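# next comes the sequence, and after it the predicted model I'd like to discuss.
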Amino acid sequence: MQTQQRFWLTILSIGLLAIASLYFFNRPQPQHKDTEINQAAATPTAQNLGENMPSADKKITATASSGSSTDAEVMTPELQERLSEMQARRPNLHFDTNEVTAAVARTTTWTATDTIHRELPLAEEEFTDGRQFLDLDSLKIETLMPGDQINVRVDEQAKDYKVTIDRIEKHDYNSISWYGHITGDDGHKYQVSVTRGEHLTVGGLDTPDGHFVIQAHGNKGWIASSQLLFKADTSVSDAIHPADVDPNYTHPAHVH
């Protein structure tokens with residue numbers, strides 16, 4: 001009886017050992033390499049960042065290269081001379097090459113606008129007295145050189161006039177004047193001048209349509225005829241009475 005029990009215990013032990021062996025050799029193997037690869041992909045290393053993000057150095061280099069190419073295309077000897085003259089006149093200002101190039105191509109120095117520039121230092125009644133408000137192209141004026149021509153319109157009813165710049169004068173008080181002329185149909189030269197300081201621009205234009213005054217603070221301004229600005233007050237006599245200048249004056253005796 002005991003012999004039979006030992007026999008079956010031996011058979012059972014062998015069976016369990018066989019099952020354990022089969023499980024050990026057929027169990028799923030850990031994916032060490034896959035795990036390492038996945039961890040490497042998930043971890044932001046310097047190499048990964050360098051491959052997947054734009055390089056700051058490359059971006060700056062590309063921008064600088066692009067800018068240099070553009071500047072090289074527009075930097076003609078004439079433009080270089082103009083920029084040098086502008087910088088000599090305004091040593092404290094920096095002029096962008098591309099902006100100057102665009103300004104040189106423009107043909108006008110101001111544009112009329114329907115907007116009333118309320119920020120200008122005018123009396124309330126002067127905002128509606130008939131003067132034409134405008135947007136000034138300050139950079140265009142700064143680019144002007146002797147021989148340049150610009151189109152100006154002094155009034156909505158007037159035609160465009162072509163102003164030829166004759167000379168430029170830099171003053172001691174940090175302002176610059178541009179002097180030019182308009183040639184009328186009769187060949188007469190009408191004088192034009194524009195003076196720009198740090199913020200204020202003033203000018204006078206003689207034209208076949210009369211004399212006009214321009215004023216701007218920054219890039220906001222107005223233009224008006226002198227006739228509009230200096231209206232005569234008909235209620236006040238401009239006659240000079242002798243008694244006003246001669247204290248010894250005596251009224252003549254009335255003759256009846």
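Ah, there it is. Predicted model only: the values in this text are computed from it and were never measured.
# ranges for the strands of the stretch 101-250 of the chain?
110-112, 132-136, 149-152, 161-170, 176-183, 189-196, 200-207, 210-217, 220-225 (DSSP state E, counting those that start in this stretch).
# so for the fourth one, mean pLDDT?
So that's strand 161-170. For strand 161-170, mean pLDDT is 98.
# for it, packing partners?
Judged by 3 or more C-beta pairs under 8 Å, 6 or more residues apart in numbering; DSSP states H and E, strand 161-170 is in contact with strand 149-152, strand 176-183. Placement of C-beta: from N, CA and C, glycine included.
# one more time with 10 Å
helix 77-89, strand 149-152, strand 176-183, strand 189-196, strand 200-207 (3 or more C-beta pairs under 10 Å, 6 or more residues apart in numbering; DSSP states H and E).
# do the same with the first one
Counting by 3+ C-beta pairs under 10 Å, 6+ apart, the packing neighbours recorded for strand 110-112 are strand 132-136, helix 138-143, strand 220-225.
# buried residues in it, which are they?
By 16 or more other C-beta atoms under 10 Å, the buried positions in strand 110-112 come out as 110, 112.
# kindly report the same for stretch 161-180.
Quick answer for stretch 161-180 (16+ other C-beta under 10 Å): 161, 163, 165, 176, 178, 180.
# and those, which is closest to residue 230?
residue 161 (21.7 Å; C-beta to C-beta).
# from residue 199, how far out is that closest one?
Residue 161 is 26 Å from residue 199, where distance means C-beta to C-beta, to the nearest Å.
# same question, residue 140
For residue 140, the distance to residue 199 - C-beta to C-beta - is 17 Å.
# these two: who's more crowded?
When neighbours are counted by other C-beta atoms under 10 Å, residue 140 comes out ahead of the other of residue 140 and residue 199, with 20 against 9.
# how is this structure partitioned into domains?
Per automatic domain parsing, the structural domains of the chain span 70-105, 108-229.
# ok, of these, where does mean pLDDT dip lowest?
Looking over these, mean pLDDT reaches its minimum on domain 70-105, with a mean of 89.
# in it, what counts as buried?
Applying 16+ other C-beta under 10 Å to domain 70-105 flags 79, 82, 83, 86, 90, 100, 101, 103, 104 as buried.
# mind giving me CSV with those residues and columns for distance to residue 146?
Putting those into CSV (distance: C-beta to C-beta, whole Å) gives the following:
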residue, distance to residue 146
79, 16
82, 11
83, 16
86, 13
90, 17
100, 17
101, 19
103, 17
104, 14
